[in-house]
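Visitor: Below are the sequence and a predicted model; questions follow.
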Amino acid sequence: MKHSVNLGYNHWISSHFPRRISVLKDCNISEINRNLLSRTVTLAGWVDRRRDHGHLIFIDLRDRSGVVQLAFNPEVAAGTHETANSLRNEYIIQVTGVVSRRPAGTENPKLLTGDFEIAVNRLTILSAAKTPPFYINEEAEVDENVRLRYRYLDLRRSRMRHNLMLRHQVIRYIRNHLEERDFIDVETPILIKSTPEGARDYLVPSRVYPGKFYALPQSPQQMKQLLMVAGVERYYQIAKCFRDEDTRADRQPEFTQLDLEMSFIDEEDILRLMEELFTGLVETLKPDFRLVKPFARLTFTEAMERFGSDKPDLRYGLEIKDVSSILAGSEFGVFSSAIYAGGRVRGIAVPGCGGYSRRELNELNDIARSIGAGGVVTVSLDSSPATIEEIEMQDVHSIAAKYLNIEQVKAIAKKLDARPGDLILLAAGKDSLTSAVLDKLRREMALRLQLADSKMFHFCYVTGFPLFYRDEANSRWDSVHHPFTSPCEEDKHRIESEPDKVTSRAYDLVLNGFEIAGGSIRIHEPDLQRKVFRLLAYTDEQIEERFGHMMEAFSYGAPPHGGIAAGIDRLVMLLAGESSIREVIPFPKNQNAQDLTFGAPDYVSAEQLDELHICINSENKLKGK
RNA sequence: GGCCCCGUGGUGUAGCGGUCUAACAUGCCACCCUGUCACGGUGGAGAUCGCGGGUUCAAAUCCCGCCGGGGUCGCCA
């Protein structure tokens, strides 16, 4: 033991305390309470803040659990008071003193320990600290670059401490919940074989086999299916996944999933399991949240029709409606040409935005254009008429106004549940386009009008996804989910004849507009699996090369099985009320996939490259050159 | 790769052609202060206004390019 601690420590500690944290520390700060009054305790932690009154010095001592006030009084311990003079923020200290009740009137109700203070008579500076580059003890926004560069300091701040703790509690809850239901935690390897479909792989060169590479798993998908073949029946894992794609606020190159798989089940088993899990989790860890029960259920078609998205945020309305029939004979080119080409006119009504300025309407139009639409047709309704019935053309403002009659406007307004004073947004074109535009505008307007309550949790299962989609760029069929997803029973015969009509047995769990989990019932018959691979234009050689191990495994008998994977980072983000998963990941990458704390990625030595049989192609760069 | 936003003492902001020799808050340093708790008081140090170029009599401020960061589209089976 390097640090000197007070003598006699071991002697009195055992007789006075129910528990002893460690040799340097008797208890956590949050454990200071009336039961310890008049007792001598030894605490250790960080100087959160100092208030120097010249003679009397107060220090707020912080540890992971909380804060307590230390009082240094020269009349109690002169030498100790002297040392306390030199304390600065973030110094790490150990103190011994008497737990005292504060003088009447000086209690601090904001602190859990605010009725007490430690009358310190011994102080040891365990570690001096430079002044940190940003506040540890305040919540002020700090440039994220700086935060990531000094992440170990950022993590000292209460916001990040709480996020870290919440993440721990979430994972502990999940483990308990699943283990009570007979799931076993099985680890799967990180160094695996690259399978070129899906996202880009992170590759790891082999030293032993020149020119060969491992890949990091994008998910443990194939391995968990093999575990079902192996008879594990109920598997779960808190698994790291790796995808070399561009980051987003809710996407990182490496992320954590709750991965699970079950045998002898169908969709309902999985959906019920996850609903019980997340319901219990939210109610236990965030009892003040408003949880909508039971979880909503939408088909993919319904979600796209009503919300323009397969991950709709159900905390607010602004539902999309089809107004094509009202505008069928319209002379307004935007509408007529879209309908003529087989598209539709769909729209949403935004409450109270009928007074939007030219500039604000232009912003909405720009948003529509930014995702590839020609724009959005805005129809502003004056707020003066009492009801829609009383509205007249002079109350209607739109570039399409002169092509509309009042009956059409009323019909559209009624269809969209619009009232006087509302703003109607109309998009025309094929469904994929109008869905994208109206989804984006719906979310934008909800943001502006603050319609989404961050303490409301509105889960929603989306089911009935198509199994395949047409990849027009490469003129081939591709899996919507992944190639192991089972078609529903009644569509199996359509795989070759009408692949676009095949419904899958996949399901997503959506929370407040974020895809929080996704999974499916898998194919467990080798013949059906082969049929799917062939539709996806794999030759028999490619099937053998890429999926031979799966096909062979299934030939030894595979139980019906299915599973789901849930994004832990996104879940914790929403529970923490954060808007980026970086806030709930201790050491995240930035948007350019760099780790600013460690400076990764970085060049490596010529020797390392040589050993891996790797020769760098582009103009630079070897470490130290 | 496209589009949008941001870049001013350590931190957070203000300033948006001349008054800037750059302001405010906080932090930092020194001194004073015995009941504070975002303690208080006095004084002090601290910024080539991200970088480069241009316009102008004059640029933190306007324009162009670059760099860095964030958001988003593409991408993410």
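Guide: Cool, the structure landed.
Visitor: Please, where are all the helices along the stretch 501-625 of chain A?
Guide: A:526-535, A:540-555, A:568-576, A:606-611 (DSSP state H, counting those that start in this stretch).
Visitor: With the stretch 51-200 of chain A instead?
Guide: A:78-84, A:144-149, A:151-154, A:158-179.
Visitor: So which of the ones you listed is nearest A:L575?
Guide: helix A:158-179 (6.0 Å; C-beta to C-beta). Where C-beta positions appear, they are placed from N, C-alpha and C, glycine not excepted.
Visitor: do the closest one and RNA strand B meet?
Guide: No. Helix A:158-179 lies out of reach of RNA strand B by C-beta under 7 Å from any atom of the strand, never closer than 12.4 Å.
Visitor: export that helix as CSV, just CAs?
Guide: Output of helix A:158-179 as CSV, limited to C-alpha atoms (Å, rounded to 0.1, in the frame of the first residue of the first chain):
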residue,chain,number,x,y,z
SER,A,158,-22.9,14.4,-13.2
ARG,A,159,-24.7,14.1,-16.5
MET,A,160,-22.3,11.5,-17.8
ARG,A,161,-22.0,9.7,-14.5
HIS,A,162,-25.8,9.3,-14.4
ASN,A,163,-25.8,8.1,-18.0
LEU,A,164,-23.1,5.5,-17.2
MET,A,165,-25.0,4.4,-14.2
LEU,A,166,-28.3,4.1,-16.1
ARG,A,167,-26.6,2.1,-18.8
HIS,A,168,-25.3,-0.3,-16.2
GLN,A,169,-28.8,-0.6,-14.6
VAL,A,170,-30.4,-1.3,-18.0
ILE,A,171,-28.0,-4.1,-18.8
ARG,A,172,-28.4,-5.6,-15.3
TYR,A,173,-32.2,-5.5,-15.6
ILE,A,174,-32.0,-7.2,-19.0
ARG,A,175,-29.7,-9.9,-17.8
ASN,A,176,-31.9,-10.6,-14.8
HIS,A,177,-35.1,-10.6,-16.8
LEU,A,178,-33.7,-13.1,-19.4
GLU,A,179,-31.9,-15.3,-17.0
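Visitor: That helix packs against which elements?
Guide: Under the contact criterion of 3 or more C-beta pairs under 8 Å, 6 or more residues apart in numbering; DSSP states H and E, helix A:158-179 touches strand A:234-242, helix A:267-285, helix A:568-576.
Visitor: all strands for the stretch 351-500 of chain A, in order.
Guide: A:377-381, A:396-397, A:423-429, A:456-457, A:459-463, A:468-471, A:476-479 (DSSP state E, counting those that start in this stretch).
Visitor: Just say which of those is most tucked in.
Guide: Across the strands of the stretch 351-500 of chain A, the average number of neighbours (mean count of other C-beta atoms under 10 Å) peaks for strand A:423-429, which reaches a mean of 26.
Visitor: Pairing partners for that one, with directions?
Guide: Looking at strand A:423-429 with DSSP bridges, its partner strands are strand A:344-350 (antiparallel), strand A:377-381 (antiparallel).
Visitor: To RNA strand B, which of those strands lies closest?
Guide: Ranking the strands paired with strand A:423-429 by proximity to RNA strand B (C-beta to the nearest atom of the strand) places strand A:344-350 first, at 17.4 Å.
Visitor: on that earlier part again, nearest to A:L164, of the helices and strands packed on helix A:158-179?
Guide: For A:L164, the closest of the helices and strands packed on helix A:158-179 is helix A:568-576, at 9.6 Å, according to C-beta to C-beta.
Visitor: Tell me how chain A divides into domains.
Guide: Chain A breaks down by automatic domain parsing into domains covering A:9-127, A:161-298+A:508-524+A:559-606, A:316-451.
Visitor: I'd like the distance between the residue lying farthest from the centre of chain A and RNA strand B.
Guide: Largest separation from the mean C-alpha position in chain A: A:E75, at 53.7 Å (C-alpha atoms, centre = their mean). Distance of A:E75 to RNA strand B, computed by C-beta to the nearest atom of the strand, to the nearest Å: 5 Å.
Visitor: And the domains of chain A: which comes nearest A:W477?
Guide: domain A:161-298+A:508-524+A:559-606 (12.5 Å).
Visitor: Spit out the contact partners of the residue of the stretch 401-550 of chain A found nearest RNA strand B.
Guide: Closest contact between the stretch 401-550 of chain A and RNA strand B, by C-beta to the nearest atom of the strand, is at A:H482 (3.6 Å). Neighbour list for A:H482: A:G198, A:Q221, A:S520 [criterion: C-beta atoms under 8 Å, 6 or more residues apart in numbering].
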